[in-house]
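A.B. asks: Build me a structure from this.
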Amino acid sequence: MSEERTFTTEELARYDGREGRPCYVAYEGQVYDLSASDFSWAGGEHYEEHLAGRDLTEEMAGAPHGGEALAPFPVVGRLV
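C.D. replies: Next comes the predicted model:
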């Protein structure tokens with residue numbers, strides 16, 4: 001069994017979806033890889049509201065959807 005990868009907020013920021021980098025976000029402690037997302041996360045931005053490479057837990061409180069929108073994407077680790 002492999003050990004779960006952990007990310008600090010500084011490490012997560014490197015996965016901002018720009019210039020070919022993977023597009024990761026954290027939500028409620030889980031880090032999701034949104035790189036395979038359609039246009040909704042193109043360039044590391046979600047509808048000019050949210051940015052990749054960040055913890056979106058608080059921001060999603062005001063979003064029209066909750067964490068269920070992240071369920072289709074792989075969890076790649078946890079935010080510490």
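A.B. asks: For the residue most central in space within the chain, give me its contacts.
C.D. replies: Geometric centre of the chain, nearest residue: V25, 1.4 Å, by CA atoms, centre = their mean. By CB atoms under 8 Å, 6 or more residues apart in numbering, the residues touching V25 are 31-32, 34, 50, 52-56, 70. Any C-beta I mention is one placed from the backbone N, CA and C, and that applies to glycine too.
A.B. asks: Closest to Y15 out of the residues you listed?
C.D. replies: G53 (5.3 Å; CB to CB).
A.B. asks: what does the worst-scoring helix or strand of the chain on mean pLDDT contact?
C.D. replies: Least confident helix or strand of the chain, by mean pLDDT, DSSP states H and E, is strand 45-46 with a mean of 78. Around strand 45-46, the neighbours that count as contacts under CB under 8 Å, 6+ apart are 17, 40, 51-52.
A.B. asks: quick one: which two of those are the most distant?
C.D. replies: Distances among the contacts of strand 45-46 were taken as CB to CB; the most separated pair is S40 and L51, at 13.0 Å.
A.B. asks: Of the two, which one has the most company?
C.D. replies: L51 (19 against 11; other CB atoms under 10 Å).
A.B. asks: May I ask you to confirm that the more buried one is in contact with G44?
C.D. replies: Yes. Counting by CB atoms under 8 Å, L51 sits close enough to G44 to count as a contact (6.2 Å).
A.B. asks: so what's in contact with those two at the same time?
C.D. replies: Joint contacts of L51 and G44 (CB under 8 Å, 6+ apart) are D16.
A.B. asks: List the buried residues in stretch 40-59.
C.D. replies: 41, 44-46, 50-56 (16 or more other CB atoms under 10 Å).
A.B. asks: Can you report the mean pLDDT over the residues of stretch 63-71?
C.D. replies: Throughout stretch 63-71, pLDDT has a mean value of 85.
A.B. asks: nope, stretch 35-44 is what I was after
C.D. replies: 81.
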